[in-house]
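Colleague: heads up, no residue letters with this:
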Ligand SMILES: Nc1ncnc2c1ncn2[C@@H]1O[C@H](COP(=O)(O)OP(=O)(O)OP(=O)(O)O)[C@@H](O)[C@H]1O
């Protein structure tokens with residue numbers, strides 16, 4: 001066991017060379033592997049979480065078997081288990097390892113942010129799986145997980161991960177055609193080419209989106225409710241997917257909750273791998289702030305960093321914004337950054353009272369945006385389910401979050417009678433009580449949007 005532990009780094013390096021692995025892939029898959037136990041010629045190795053264990057099992061087990069046999073002069077059966085499984089047994093903890101040098105930043109593509117690379121992305125329990133999935137896709141685009149569907153709340157790192165994949169692929173092979181667009185840009189370009197009304201503009205649009213190796217579409221939820229965009233995207237998706245080209249999609253919710261999205265698109269989004277990013281825990285927030293400090297060359301008191309990480313919890317963009325604001329002010333006024341300066345400067349961001357007040361009108365707008373319908377439709381008389389469900393959710397949330405009377409909600413929603421509001425509110429409550437998980441998940445997402453201001 002001791003001998004193997006001594007040789008472990010060398011074994012991992014051998015496998016790295018045999019597979020021609022980059023720093024990022026090495027850091028993601030191999031470096032976290034730890035020798036756990038040898039028993040009757042069975043070598044147990046731990047991986048940090050289940051998906052990583054499966055990935056290593058499929059891709060590197062044979063390499064591990066051979067490299068261990070060569071290093072030790074005898075053969076061992078290799079078993080990959082998760083750290084959780086291992087924690088039930090007494091673990092052997094190998095000495096801490098030195099981190100490999102980072103991958104240099106690639107900034108050759110204009111529509112990619114050069115700062116958004118795997119190297120600047122902090123891995124935490126909230127994004128571990130999404131990160132590992134992104135690395136796997138970057139390693140072999142169009143092969144294993146197609147499409148890769150990343151989802152999560154506002155400002156949690158979806159765009160950062162997508163750009164990281166794009167940089168990585170281009171770095172490995174600069175001839176690859178990688179296209180990153182938001183779904184809004186896709187929609188606008190489509191509208192422009194339809195407006196031009198000639199075949200050439202449509203052909204150009206299709207050429208642009210179909211003759212590429214990797215398509216990254218950010219914030220796909222914005223195509224909900226836009227019929228011709230969905231139709232065109234469906235065909236783009238099919239053309240790319242059948243040619244084994246990689247598609248990466250991000251959204252604020254999982255495909256199953258994109259109810260008003262065409263069913264055929266929704267099911268395609270579920271073909272590949274779906275990975276979520278949630279809000280970071282305290283340690284990850286601290287690590288992100290420290291990383292930013294390091295990258296931007298700041299030197300800020302630990303107490304201040306802890307203050308920010310403790311108070312800004314759900315949005316990494318806000319977390320970074322708070323740090324930037326402090327640094328900007330300190331430069332401008334030539335003041336040292338102290339905890340009292342942080343309290344003063346960040347009170348607008350941090351104080352719960354400063355958040356946008358959640359009024360019935362705000363609820364109406366956020367629900368409408370979430371379902372890709374207009375607030376006027378919700379207020380109006382349409383009775384199709386695409387409108388009725390959001391309307392009932394507005395009724396329910398107004399009662400849950402604000403203390404608005406049924407009567408006042410009725411007035412907001414196009415002068416409806418208060419009994420209609422009671423009935424709509426009850427419908428949602430009944431469905432939730434009956435265990436409607438999709439409705440619950442949508443309402444949870446809307447609540448998060450409301451509380452993130
Ligand atoms: N794990 C992380 N490590 C380092 N920086 C991060 C991490 N996650 C997010 N960030 C930073 O937080 C900011 C917001 O991230 P990003 O724009 O990727 O969020 P998003 O999920 O795409 O948000 P939106 O839903 O608004 O599109 C970026 O500056 C990004 O670099």
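Modeller: That came in fine, so what should we check first? Here the structure is a predicted model, which is why all the values come from computation and not from measurement. Residues are numbered from 1 along each chain as shown.

Colleague: so how many other residues sit close to residue 200?
Modeller: By other CB atoms under 10 Å, the residues close to residue 200 number 9. Yep, even glycine has a C-beta here, placed from its N, CA and C like the rest.

Colleague: of all of the stretch 1-150 of the chain, which residue lies closest to the ligand?
Modeller: Residue of the stretch 1-150 of the chain nearest the ligand, by CB to the nearest ligand atom: residue 122 (3.6 Å).

Colleague: my bad, the chain
Modeller: Relative to the ligand, the nearest point of the chain is residue 157 (2.7 Å; CB to the nearest ligand atom).

Colleague: may I have the phi/psi pair for that residue?
Modeller: phi 110, psi 10 (degrees, to the nearest 10).

Colleague: what about it, how many neighbours?
Modeller: A count of nearby residues for residue 157, using other CB under 10 Å, gives 24.

Colleague: OK, contacts around it?
Modeller: By CB atoms under 8 Å, 6 or more residues apart in numbering, residue 157 lies in contact with 121, 127, 130, 277, 316.

Colleague: which of those residues are buried?
Modeller: For the contacts of residue 157, a burial check counting by 16 or more other CB atoms under 10 Å picks out 121, 127, 130, 277, 316.

Colleague: just the pLDDT for the fourth one.
Modeller: Among the per-residue scores, residue 277 holds a pLDDT of 95.

Colleague: same check on the first one?
Modeller: pLDDT, the model's per-residue confidence, is 96 for residue 121.

Colleague: hmm, residue 159 and it touching each other?
Modeller: No: between residue 121 and residue 159 there is no contact under CB atoms under 8 Å: 11.1 Å.

Colleague: near the ligand, which residues of the stretch 201-350 of the chain?
Modeller: 219, 252, 288, 291, 316, 317, 320 (CB under 6 Å from any ligand atom).

Colleague: how about 8 Å then?
Modeller: 218-219, 250, 252, 277, 280, 284, 287-288, 291-292, 315-317, 319-320 (CB under 8 Å from any ligand atom).

Colleague: same question for the stretch 51-200 of the chain.
Modeller: 113, 115-116, 120-124, 126-127, 131, 152-163.

Colleague: PyMOL command for the buried members of the residues you listed?
Modeller: The PyMOL selection below is limited to those of these classed as buried (16+ other CB under 10 Å):
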select buried, resi 113+116+120+121+122+123+124+126+127+131+152+153+154+155+156+157+158+159+160+161+162+163
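
Colleague: so what pLDDT did the residue nearest the centre of the chain get?
Modeller: Geometric centre of the chain, nearest residue: residue 158, 3.7 Å, by CA atoms, centre = their mean. Residue 158 carries a pLDDT value of 97.

Colleague: does the nearest residue to it once chain neighbours are set aside count as helix, strand or coil?
Modeller: Nearest residue to residue 158, sequence neighbours excluded (CB to CB, 6 or more residues apart in numbering): residue 250, at 4.0 Å. Secondary structure, DSSP: H, G, I helix; E, B strand; the rest coil: residue 250 is strand.

Colleague: the buried ones among the contacts of residue 157: which two are farthest apart?
Modeller: Greatest spatial distance among these (CB to CB): 130 and 316, at 13.1 Å.

Colleague: surely residue 149 and residue 271 touch.
Modeller: No: applying CB under 8 Å, one finds residue 149 not in contact with residue 271, separated by 9.0 Å.

Colleague: more neighbours: these two, which one.
Modeller: Under the criterion of other CB under 10 Å, the comparison of residue 149 against residue 271 puts residue 149 first, with 24 against 15.

Colleague: by pLDDT, rank the residues of the stretch 201-350 of the chain next to the ligand and give me the bottom one.
Modeller: For those, the pLDDT minimum is residue 315, 88.
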